[in-house]
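Q: A structural model of the following input is requested.
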Amino acid sequence: MAKIRFTINGPRGAVTLRAMLQAFQNQLIILNDLDATLAGKGEPLLDWVIYDINANSSVTGILASQPRVDDVPIGHGARVGRLYHDGWRVIEGEGEARTPEYYSERALRASKSTLKLIGNGGVTGYHIGDDLAPDEPAMPLTPRGAVNLDQLIRPGGKSYGSVEGRLSVISVKQEKPRFDIVTSLSKKTVSCRFDAGLLDDVKSALGRRVIVTGEITYNSKGEPQKIAMDGGIRELRDRDKLPSTAEMTGAFPDLIGDMTIAEYMEQIRG
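A: Numbers count the residues shown, from 1 in each chain. Sure thing, here's the model as predicted:
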């Protein structure tokens, strides 16, 4: 079980119910999005319950994870909780803004909505903490994070290219369905709209490594945000299932003759 301590700061009797509910709803959006993206099964595996709540000069809620399905991987809740904390730490960080790992545009917008409440509805700020790590000090969330989020959400340029990664989430709620890809190297989440006629192909690729080509939209920091798919989706073999160098050279025995692989590599490097 993961436990997250989320505190809304404000004078006693000043924080409105609307502001409190919106702030907690935003945290649920972030947690559900991270959960579904990490699981790679198209939907969240966890529910989040109010384990405890306290309202004095501030409102503190302890959110605890519990399984929504039977086959939740061991440690999944703790990993979601850690990504949540690490994400806020990156958002609040000084220096150049960058998108936290596994955070989609939806999670970024929910984070921004949280911070935009500061100064409204009696909210003066927030603190978050890990209830399973009481020795770690609670981290303040400030308007500075909203400035960073503006850069991460604001669209930048566009170019034609490809995105490679694991297909993690499918949504058919909009008029044009979409799926998310978590890129293999940077672990950034890229959204892709697709034609409904490709839904079966997309479903069959859920949780798999894929490559998609089309027009990529970047944010103002040059990170890929979304891609308009041009054509179909192509599945790739997982990296741990690709043939090794030895297997490849074994397939072509005359490629290096009597040399070892190390000798051959040394020769071609000159």
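
Q: only C-alpha atoms for contact and neighbour calcs from this point on.
A: Noted.

Q: how about Gly77, secondary structure?
A: When states are read from DSSP: H, G, I helix; E, B strand; the rest coil, the local structure at Gly77 comes out as helix.

Q: quick check: it vs Asn219, distance?
A: 30 Å (CA to CA, to the nearest Å).

Q: next: Ala64.
A: Taking CA to CA as the measure, Ala64 and Asn219 are separated by 33 Å.

Q: wait, Gly157 sits on Thr217?
A: Yes. Shown here, Gly157 and Thr217 form a contact pair, counting by CA atoms under 8 Å, at 6.2 Å.

Q: nearest spatial neighbour of Thr189, skipping sequence neighbours?
A: Val182 (4.5 Å; CA to CA, 6 or more residues apart in numbering).

Q: what distance separates the one helix or strand the one you found maps to from the centre of its chain?
A: Assigning secondary structure by DSSP states H and E places Val182 in strand 178-183. Taking CA atoms, centre = their mean, to the nearest Å, one finds strand 178-183 lying 10 Å from the centre of the chain it belongs to.

Q: equivalent analysis for stretch 225-232, please.
A: Stretch 225-232 has its C-alpha centroid displaced from the chain centroid by 19 Å (CA atoms, centre = their mean).

Q: and that stretch, what's buried?
A: Taking 16 or more other CA atoms under 10 Å as the basis for neighbour counts, the residues of stretch 225-232 that come out buried are 225-229.

Q: could you identify the most distant pair in those residues?
A: Every pair in these was compared (CA to CA); the two farthest apart turn out to be Gln225 and Met229, at 12.9 Å.

Q: neighbours around the closest residue to Ala64 other than its chain neighbours, how many?
A: Of all residues beyond its chain neighbours, the one nearest Ala64 is Lys3 (4.4 Å), with distances taken as CA to CA, 6+ apart. By the other CA atoms under 10 Å criterion, the neighbourhood of Lys3 contains 22 residues.

Q: how much space separates the residue nearest to Thr189 from Tyr51?
A: When Val182 is compared with Tyr51 (using CA to CA), they lie 31 Å apart.

Q: neighbour count: these two, which is higher?
A: With other CA under 10 Å as the criterion, Val182 and Tyr51 differ in neighbour count, and Val182 comes out ahead with 27 against 13.

Q: run through the bridge partners of the more buried one.
A: Partner residues in beta bridges with Val182, using DSSP bridges, are Arg166, Thr189.

Q: that one and Cys192 touch, don't they?
A: No. Between Val182 and Cys192 there is no contact under CA under 8 Å: 11.1 Å.

Q: rewinding a little: neighbour count for Gly157 and Thr217, which is higher?
A: Remark: of Gly157 and Thr217, Thr217 carries more neighbours, 22 against 13, as counted by other CA under 10 Å.

Q: who does the more buried one bridge with?
A: Beta-bridge partners recorded for Thr217 (DSSP bridges): Lys158, Lys226.

Q: now do it against Glu223, distance only.
A: Thr217 sits at a distance of 8 Å from Glu223 (criterion: CA to CA).

Q: same question, Gly93
A: Where Glu223 is concerned, Gly93 sits at a distance of 17 Å (CA to CA).

Q: which of the two has more neighbours?
A: With other CA under 10 Å as the criterion, Gly93 and Glu223 differ in neighbour count, and Glu223 comes out ahead with 21 against 14.
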